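# need a structure here:
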Amino acid sequence: MLFRSAYWCGMAADVAIVALLLRTGSITGVSHSLIKGFLWSTCCLALIAWIMPAQPDLRLGDEEFFNTNQIGNLCAFAILLAQYLMRRKDGKWGLATAFLALTLVRSLSKTTIVAFLLSEAFILIQDRSISRKTKVLLMTTAVIVILVFWGLFEAYYDIYTSAGNQAETLTGRIAIWAYVLNALPEHPWIGHGFDSLWKVVPPFGSDRFEARHAENEVLQQFYVYGAMGIVMLAGLYGSVYRQIRKLPRGPVRVVFLSILLFVVIRGLAEAEPFDLLLPLWFIVLIGTLMGCPETAEQEVRIISAPAGPDLIYSP
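Below is the predicted model:
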């Protein structure tokens, strides 16, 4: 109980800190400062991930303290936020995004990489501020990175298909989903409670893997909070989506939509044991930022400005 209370208090503290900071000054200034702090801290964590010994299956991180999916999610999320700052012309984040992108690929977090690639493809298709030359350059760079890491991908695939943990494969996820679906009718309205999956779902695989969450965000919220969890999840994500849709059509709106797309795709095969995949502190931050008239006004200025250098990976 004490352990769960500590995590709940930590999550509530994150939200409260963001809410209080937003009251101390300009919404845009405070929001950008928070995002910059998140970016620099993620870069530090990415550096630590490179220094740590690799796992037996060649992925970065430690399964108990700082696992592969956490590393990949932080890097992908930070890259998307860096792209937002670039479009607001607040700093040059090219080197940071390149380092984080390499860390994301090296992490070998499969679901995160797929979700990130699809969200970036959405940006390349929808963002008209990116020239065709830059799009070709980015796609060429992506191909080169894949070729450089190809040997690592092959080695990981061999381990994944022969000696990998079954609970980490699609087969393992299906077993976890089946257990959760079977348990949903027990408490359909208010769920089983905060962090109720831990030590409840039977171990999976030869190494007795214990699921920390339902490996799917919808199932996770349904199991933990029941129908109320689904209502809250739909309400929060739906509210963010409606606010994004109200922004003028432009590069900032595209980036925000790509962040939401990344979270939704990743949520098909991942979840968080306590928070949402789109963290509550970030929902407060982005909601306040998009509700600020200055955000819409600056988006209009970006759209109406003459075409200039691209903003995605400018060094």
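# Only the buried residues of the longest helix along the chain, if you could.
If you go by DSSP state H, the chain has its longest helix at helix 217-246. Neighbour counts over helix 217-246 (16 or more other CB atoms under 10 Å) mark 217, 219-226, 229, 233, 237, 240, 243-244 as buried. Bear in mind the C-beta positions are built from the backbone N, C-alpha and C, glycine included.
# What distance do you get for residue 215 to residue 31?
As judged by CB to CB, to the nearest Å, residue 215 and residue 31 stand 32 Å apart.
# which residues touch residue 174?
Contacts for residue 174 (CB atoms under 8 Å, 6 or more residues apart in numbering) come out as none.
# Kindly report the same for residue 56.
With CB under 8 Å, 6+ apart, residue 56 has these contacts: residue 159.
# per-residue pLDDT, it?
Looking at residue 56, its pLDDT reads 82.
# On the three-state scheme, it is what?
Using DSSP: H, G, I helix; E, B strand; the rest coil, the structure places residue 56 in coil.
# ok, back up a step: which one of residue 215 and residue 31 is surrounded by more residues?
Comparing residue 215 with residue 31 by other CB atoms under 10 Å, the one with more neighbours is residue 215, at 25 against 22.
# How confident is the prediction for that one, by pLDDT?
85.
# Listing request: residues of the chain with sub-threshold pLDDT.
Residue ranges of the chain with pLDDT under 70: 1-4, 163-172, 199-210, 293-315.
# host element of residue 106?
In this assignment (DSSP states H and E), residue 106 forms part of helix 94-107.
# what's downstream of that helix, the next helix or strand?
helix 110-126.
# Could I get the buried residue list for that following helix?
Under 16+ other CB under 10 Å, the buried positions of helix 110-126 are 110-113, 115-116, 119-120, 122-123.
# just stretch 37-51 next, same as before
38-39, 42-43, 45-46, 49.
# Using JSON lines, lay out these together with secondary structure.
Shown next, in JSON lines, are those (three-state DSSP):
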{"residue": "38", "secondary structure": "helix"}
{"residue": "39", "secondary structure": "helix"}
{"residue": "42", "secondary structure": "helix"}
{"residue": "43", "secondary structure": "helix"}
{"residue": "45", "secondary structure": "helix"}
{"residue": "46", "secondary structure": "helix"}
{"residue": "49", "secondary structure": "helix"}
